[in-house]
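Undergrad: predicted model and sequence below, questions to follow.
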Amino acid sequence: MSPSSESVRSVPTGPARRGPTGIEPARITAGQPGLEKGPVTRDGVTARIDARGIYYKTLNEQIREQVAAGVSTVVLDNVNGQRYIGAGISADHLTIMVNGVPGNDLAAFMDGPTVVVDENAQDGIANTMNRGLVVVRGDAGDVVGYGMRGGRVYVRGDVGYRVGIHMKAFGQQHPVVVIGGRARDFFGEYMAGGEMILLGLGDSSEPLVGSYVGTGMHGGVIYVRGAVEGHQLGKEVSVVEPSPEDMARIEELVTDFCRAHAFAAAEVLARPFGKIAPFTHRPYGKLYAY
Amino acid sequence: MNARGLNRFGEADRRSAVRPYRGLPAPGSRSSDLVPRPAYTAEAEERIAGGCGLMGVCDESGGRMSGELALRSMSSMHDRGNGLGGGFAGYGIYPDFPYAFCFHMLFNDDVSKDDTEYYLARHFVILHHEPIPSKSVRGIEDEPILWRYFLEISDQRLAETQLSAEDYVVHSVMDINNHIKGAFVASSGRNMGAFKGVGFPEEIGEFYRLDEYRGWTWTGHGRFPTNTPGWWGGAHPFCLLDFSIVHNGEISSYGINQRYLEMFGYKCSMRTDTEVVTYLFDLLLRRHGLSVEIACKALASPFWKDIDLMEEDDRQLYTALRTVYGPALLNGPFAVVLGMGEGMVALSDRIKLRPLAAARKGTTVYVASEESAIREICPKPDRTWMPRAGEPVIARLAEGVSPATSSTYDAVA
Amino acid sequence: MAEMTFVRPEFRVRIDREACIKCGRCVHQCGWDVYHLDADDRPMPDHSRCAACHRCVTFCPADAITIEKNPLAYKESDSMSSAMRKAVWRQAETGGVLLTGMGTDKPYLRIFDHLLLDACQVTNPSIDPLREPMELRTFLGRKPDSIEVERGNGDGRSPKLLTELDPQLMLETPIVFGGMSFGSVSLNVHRALAMAAKESGTFMNTGEGGLHADLEPYQDHIIVQCASGRFGVHADYLQAGAAVEIKIGQGAKPGIGGHLPGEKIDEQVSTTRMIPQGTDALSPAPHHDIYSIEDLRQLIYAIKEATGYKPVSVKIACVHNVAAIASGVVRAGADIVYLDGFKGGTGAAPTIIRDHVGIPIEIAIAVVDQRLRDEGIRNRASIVAAGGIRSSADIVKAIALGADACGVGTALLVAMGCHVCQKCHTGCCSWGITTQRPELTRRLDPEWGAERVSNLIRAWSHEIAEVLGAVGVNAIESLRGSRERLRALGLDQTTMDIIGVKPAGVGH
């Protein structure tokens, strides 16, 4: 039953009253800005942080503190929605284990570490990532690997819209995204470099991929395990049969992906692959009048 | 004329459809004698756009959940808002007055309250009225006078005005919002209410003591308005009758959506693009009698490319839908959650420019801008999924749960 | 030697004698007989005949010809300008009505040029029109206010449409071709337009001169016109097109009929118009079966009966009372109202009418759209705006003001070579467009013309998509009537109120 009028203060008609009461402590979540740190347990080079209810800024500070203290593995328990985990961290031998659903922009600008998420990940993971590895055991949301320049992303499940958008290769940098499940529209939009593999594993009535695959794609390559129809493609790309070199590369990457997610690589590789790549580097050459 | 107000040519009856919702005639008279007064716009001279976070939860079996769920879920998305607006809608919260139209009112001052009460007393039977309970919360200040009215319409008034009860209420809401200075109807549905204001959503929820209500559907919203200071009426949800909308994004097609709605008598007075979403759902669902699925396909239609690939029957349907409802197409980035008597609907734009996550556990359906906001209140759902662009997530209350799902309504305790 | 005249030539033809190779091509190319060869085979121009159509300039292999404005000075007077004086002299000499072609050349306020479009920044994203879906498909025709869909019974069947829609014209881009009759333009122009309409996924309009048999393969992309002269109008003709247009009036000459001189009525025109060769083809000012609105309804339904209820468009000139007239036209049963603004083109019109009668299309769109909305009948008909549409920018602005699509005529002819010399009425068009002289008409290769028109429509469609992307919508219907996305720069308050557009600087 709703609170009755008897228990209620009178209607405010005078100046606004400033009350002392904030939000009840029970209702404080990780979304609430706060300086309270999560409890840490340290075991050799492994640190464990209980992230329950800890604000992202504080949590990420704690992670950086542990890294500075020489820890090589940081395990985050009870993560829920904390943004920017692993973001901007530059380290070569660091693993961050995320237990829970991390917030947006996981591993953004990351340079080197490995991040393993045991649940679903939200939007914008590996945004402009430079180096490192992101392994997601569940699904990942929209815009995976936006502008990603290097490193690898291995998502076991499905991904959302605009995955691999504007991925690019540069010098020795060569980004790789492997998706175990299915992807939605605009897969590989504006893709300029690097490789993506879409496997479509598991039983599902969902299509392997949505529409506008590789729209605006002008570099790099997408390998798909299964059929993609012409009407699903952007107008700059076509599907061709992979060459033996392509197949060797697919085998190499899929094997690595399967190791990370405990799939049987041989079974995954048993089905035919298609290769999606731009057929011109200047699809709009005839669009403009001078 | 059939029940839906369509004549035998399939055209809506002009007499009812075109008549603007400009107000109710005085009792006993046959036409409106209301003199327009300055509109309630002092707080928002410009249309407000902005980013946001939103959530919704609905137990299809009619089990009633504490409003604390919505509050906690929104609390976890604190950083999606900027403290200039938060709000919630709860359904099934007034089991003592399940059939009464409950007006949640915001008043600037006693004068606007007196004027409104004079108006309500003239046009309605006031079953009960009381302040909307609240408590002091740090950060919430300058609140308007908050009052709620449980209203019935006499049969005589309905006969006099030749209006349905719903249209009668719509006219009166437009009256109050447009003609009574300093008064604003936050919600006007049955067995539901909107709780909104300026502040972070968790503060607003605390302020309204949301944890003390129990409802079968809750929606929540945190605002990030970009160009005007928030005002209490401008917070989400935007409500009309049983419909409430929380919205993230901007409706780039606002201009034509608004002009389209004006053709059907709606007056967009609140200067926010979200308002048109509420009215469009009212138009398509209540007045045009479309199903939720079809209405969503009008508002976030499939692309022609995909329509061209459909089987003949579907192609005809979707071609007709786009041809007829083109001006209703919501274009631009959006995710919305619609609360309604029958349940809850979540919908994103057709190229998925705003985020939306969904989950189910048992009979309860959850949606939110971020999956973590769902996990906050349902750590282990049976299933989580990413709703497709333009594909509605629908939670339907079981038969008999609400007035809208049954003729012999019996609230589940 | 012609009689003495005060009207000095408007242009001067300059021939670079050093460069001239005396090939005689200019003599051959000029439809106005400007040139004759002198004893040394040098081309000698008669300046007074030059229309500045640039045919000779374009085809001179030596690039030896330029056309200049006659620098002859007149004592300045803003009021009694030299053009005014020339008009008086011409009429004093002949006692005739001044005749002209194309749209008005007077410097009236161009409202389109005072409207600016919106774009997205931050709060909503702009959309990349090249890589993301961008939909210009437009349906013209009568639409119900709502549709009825069979409710599923929970058996998993997909829902079924119960409302039967009136037939619609489907355009892949919101552009149709304006009516230009065979007779006023050549058959090759008609052929080119028909091919281009098919290629562009839109419709050409026969104008009032009937449909030549050669165009039958394109009939799914043709709107046949029925005007007061009823030239070539018979049951098969009405059936032949995808829709029928009743032309009440034309923006360039509201309230005025047409007059195709007998010289232009050759065998082909005669067969197509079903009138004897060499006779004048007179279009009466009104339809003599339409003296009032209820008569229009009678004609609309006569055509619907005769065609199995194809969409009927009614073309009206934009005059002062256009909103009320359009409302009446819609209520009379028209599926499309074709509004022709006063800057629209014509094959021939009295100058006084062309330059002084009617109202601009921008205002007409705005008041008609608003009137139909106020009356709750906006769905019942589509609005096609024409008469002064010069560019894709005009189209976008017209649509934002409330038009469903735009009709384009002059720009299509320009694409095919027209240089807007405004002498269509003479039948001497050197570009082979507004003439029936076989030696001139064969200059226009229909396939070449079709390709140029298709290119133009494709380019404009891309540009429209660019604008949609910038304003953050991916379907044309989300811009249609969305005056909120327009701002006015340098318009007076009254005009802004009438067209429902706020001044630049005012936010949402």
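TA: Cool, got the structure. Numbers count the residues shown, from 1 in each chain, chains lettered A, B, ... in the order given.
Undergrad: pull the longest helix from chain A.
TA: Assignment by DSSP state H gives helix A:244-261 as the longest helix of chain A.
Undergrad: taking the stretch 101-250 of chain A, what residue is nearest to chain B?
TA: Going by CB to the nearest CB, chain B is nearest to A:Tyr161 of the stretch 101-250 of chain A, at 4.4 Å. No exception for glycine: its C-beta is placed from N, CA and C like everyone else's.
Undergrad: ok, that residue - how many residues close by?
TA: Residues near A:Tyr161, counting by other CB atoms under 10 Å in any protein chain shown, number 26.
Undergrad: which element is encountered next along the chain beyond the worst-scoring helix or strand of chain B on mean pLDDT?
TA: Ranked by mean pLDDT, DSSP states H and E, the weakest helix or strand in chain B is helix B:14-17, scoring a mean of 38. For helix B:14-17, the following helix or strand on the C-terminal side (DSSP states H and E) is strand B:50-59.
Undergrad: what packs against that next one?
TA: helix B:68-75, strand B:217-225, strand B:243-249, strand B:334-340, strand B:343-348, strand B:364-368, helix B:371-375 (3 or more CB pairs under 8 Å, 6 or more residues apart in numbering or on different chains; DSSP states H and E).
Undergrad: next, the buried residues of the helix or strand following the longest helix of chain A.
TA: For helix A:244-261, the following helix or strand on the C-terminal side (DSSP H and E) is helix A:265-269. Residues of helix A:265-269 classed as buried: A:268-269 (neighbour count, 16 or more other CB atoms under 10 Å in any protein chain shown).
Undergrad: give me the next element, helix or strand, following helix A:265-269.
TA: Counting by DSSP H and E, what follows helix A:265-269 is strand A:273-278.
Undergrad: how much space separates B:Tyr318 from chain C?
TA: 9 Å (CB to the nearest CB, to the nearest Å).
Undergrad: does that residue touch B:Pro302 like I think?
TA: Yes. The pair B:Tyr318 / B:Pro302 is scored as a contact, 5.8 Å apart, by CB atoms under 8 Å.
Undergrad: more crowded one of these two?
TA: B:Tyr318 (22 against 19).
Undergrad: neighbours around the residue lying closest to B:Leu54 once chain neighbours are set aside, how many?
TA: Nearest non-adjacent residue to B:Leu54, counting by CB to CB, 6 or more residues apart in numbering or on different chains: B:Val246, 4.4 Å away. For B:Val246, the count of nearby residues is 34 (other CB under 10 Å).
Undergrad: how close does B:Val246 sit to C:Tyr108?
TA: Using CB to CB, to the nearest Å, B:Val246 is found at 49 Å from C:Tyr108.
Undergrad: again, but for B:Leu261
TA: 35 Å.
Undergrad: residue closest to the middle of the chain?
TA: As the question left the chain open, I've gone with chain A. Nearest residue to the geometric centre of chain A (CA atoms, centre = their mean): A:Ile125, 2.9 Å.
Undergrad: that's the wrong chain, I meant chain C
TA: Most central in chain C (CA atoms, centre = their mean) works out to C:Gly409, at 2.8 Å.
Undergrad: and the pLDDT for that residue?
TA: Note on C:Gly409: pLDDT of 96.
Undergrad: now swap in C:Gly257 and tell me
TA: With respect to pLDDT, C:Gly257 has a value of 84.
Undergrad: quick one, what contacts the residue of chain A found nearest chain C?
TA: Closest contact between chain A and chain C, by CB to the nearest CB, is at A:Gly216 (3.5 Å). Contact analysis of A:Gly216 by CB atoms under 8 Å, 6 or more residues apart in numbering or on different chains lists A:189-191, A:234, A:236, C:128, C:130-131.
Undergrad: still on that earlier bit, the residue nearest to the centre of chain C touches C:Lys343, doesn't it?
TA: No. Using CB under 8 Å, C:Gly409 is not in contact with C:Lys343, being 11.1 Å away.
Undergrad: I'd say the residue of the stretch 101-250 of chain A closest to chain B and A:Arg182 touch.
TA: No. Applying CB under 8 Å, one finds A:Tyr161 not in contact with A:Arg182, separated by 11.9 Å.
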